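Enquirer: structure for this input, please:
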Amino acid sequence: MSNMFRSDIRRVAKASFVLAISIVIMLSINVRAGIVTKESSTLPYQMYRATAVWTGDHAFIFGGRIEAEQLDTIIKFNPVTKEVETLSTKLPSSRVSMSSVWTGQYAYIFGGDHSGHKLNDILRFDPATSMIEEMQEKLPMELVGSSAVWFNSKAYIFGGHNNTTFSDMIFIYDPSLGTISTAPMSLPTPRAGTATFTDGIHIYIFGGRFLQDILTDIVKFDPMTDSIEVMQSQLPEPRYHISSAWTGEYAYIFGGSNGSVACNEILRFNPSNGEVRILGARLPGPRERTSAVWTGDVAYIFGGQHGGTSYSDILAFDPEGVEEQDDIAPYIVIAVLLALLAVIMLASFLMERKREK
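Expert: The predicted structure follows:
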């Protein structure tokens with residue numbers, strides 16, 4: 001073996017070893033990066049079963065429940081100043097388990113439960129004036145635990161129940177016309193306690209409960225063609241009472257219950273390929289019946305409940321670290337292969353030198 005060739009081997013082995021160590025160090029730093037943080041400010045109550053919208057500069061949290069009573073409050077959260085304010089404006093009555101949408105001008109709030117009385121109200125809240133109005137239009141049935149999304153200037157309301165009946169219907173509310181209609185297609189099974197989002201093309205509905213059955217379904221609905229399908233992708237386990245946030249690339253699903261216990265998992269759903277992943281990031285503790293909003297940079301998760309404990313937490317979830325932490329497997333394989341290559345080449349070089357002696 002020539003001196004030049006041995007020198008080349010040493011250089012390649014050294015470079016491979018250094019690269020492998022560099023990748024391992026980089027991955028170690030990313031794994032330690034924090035993703036979920038608890039804000040210093042808190043909600044005014046330990047509360048759950050509220051609904052929330054993001055208006056572009058503030059989050060508004062409507063209604064909900066504390067252990068002793070239901071709430072008729074509207075809470076305003078400023079993520080820049082961390083200020084939490086309870087508005088003087090109240091809901092027409094205390095209520096829980098509503099769904100809501102943000103139109104770009106108004107928040108619309110659908111249904112809910114007031115002290116055991118199921119509601120079919122549609123409320124309109126104007127953050128510019130802090131005024132709330134009960135619309136003349138009513139949902140076709142009283143609904144608790146529905147989910148809703150704003151798509152193509154209409155609100156789509158999915159499922160829900162009124163204690164005796166679980167709904168499989170999709171209601172469409174057009175505030176510009178003041179009409180509410182029922183989509184020709186229905187959900188695959190009746191359900192409540194779902195979460196939903198739209199990527200601007202389709203609407204996706206996650207999980208939920210039908211009577212005693214907790215679902216793993218991910219339902220894909222095309223409002224332009226009124227077609228609906230259950231995707232092959234599923235949640236990793238049955239869950240309902242979940243909240244979600246859509247970032248423009250991924251949907252994130254927070255906590256929820258499998259019917260027996262709550263969890264602290266954060267799931268990531270990719271609508272482009274249907275992939276569902278359990279992230280390394282976790283909520284500080286198991287919780288269900290949270291509400292969540294996406295601000296453009298961070299998801300905020302409000303309140304929640306676990307067993308007999310409810311929370312006043314405002315949690316901030318930063319997904320930027322998720323890509324680095326969640327997708328490290330290929331890099332680990334590369335690092336291991338490079339390290340093995342370096343060891344093999346070094347061993348070969350040493351054996352060659354021994355034979356020369």
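
Enquirer: and the closest residue to Y106 other than its chain neighbours, what is it in contact with?
Expert: Spatial nearest neighbour of Y106, excluding adjacent residues (Cβ to Cβ, 6 or more residues apart in numbering): R124 at 5.1 Å. Heads up, the C-betas are built off the backbone N, CA and C, glycines and all. Neighbour list for R124: Y106, A107, Y108, I109, I132, E133, E134, M135, P175 [criterion: Cβ atoms under 8 Å, 6 or more residues apart in numbering].

Enquirer: can you list these in CSV and add distance to I74 and pLDDT?
Expert: As requested, the contacts of R124 are arranged in CSV below (distance: Cβ to Cβ, whole Å; pLDDT from 0 to 100):
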residue, distance to I74, pLDDT
Y106, 13, 98
A107, 9, 98
Y108, 14, 98
I109, 10, 98
I132, 7, 98
E133, 13, 98
E134, 14, 98
M135, 17, 98
P175, 19, 98
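
Enquirer: most widely separated two among these?
Expert: The distance between the two most remote of those (Cβ to Cβ) is 14.3 Å, for I132 and P175.

Enquirer: re earlier: measure the residue nearest to Y106 to F317 for me?
Expert: 29 Å (Cβ to Cβ, to the nearest Å).

Enquirer: and for R49?
Expert: 20 Å.

Enquirer: ok, N152 next?
Expert: For N152 relative to F317 (Cβ to Cβ), the value is 28 Å.

Enquirer: so which of those two has more stuff around it?
Expert: F317 (22 against 11; other Cβ atoms under 10 Å).

Enquirer: who's in contact with that one?
Expert: Counted by Cβ under 8 Å, 6+ apart, F317 has contacts I35, V36, A245, Y252, F254, I266, A281, V298, A299, Y300, I301.

Enquirer: how about the nearest residue to Y250, chain neighbours excluded?
Expert: R268 (5.1 Å).

Enquirer: phi and psi next, for the one you found.
Expert: phi -120, psi 130 (degrees, to the nearest 10).

Enquirer: that one and G274 touch, don't they?
Expert: No - R268 lies out of contact with G274 (Cβ atoms under 8 Å); the separation is 11.9 Å.

Enquirer: which of the two has more neighbours?
Expert: Higher neighbour count among R268 and G274: R268, with 20 against 14, using other Cβ under 10 Å.

Enquirer: mind listing the residues bridging to that one?
Expert: Y252, R277 (DSSP bridges).

Enquirer: now it: how far from S233?
Expert: 12 Å.

Enquirer: need the overlap of contacts for those two.
Expert: In contact with both R268 and S233: V276, using Cβ under 8 Å, 6+ apart.

Enquirer: could you check the pLDDT of T164?
Expert: For T164, the model assigns a pLDDT of 87.

Enquirer: so how far is V144 from it?
Expert: Distance of T164 to V144, computed by Cβ to Cβ: 11 Å.

Enquirer: sorry, back to before: just list the residues touching the residue nearest to Y250, thanks.
Expert: By Cβ under 8 Å, 6+ apart, the residues touching R268 are Y250, A251, Y252, I253, V276, R277, L279, P319, V322, D326.
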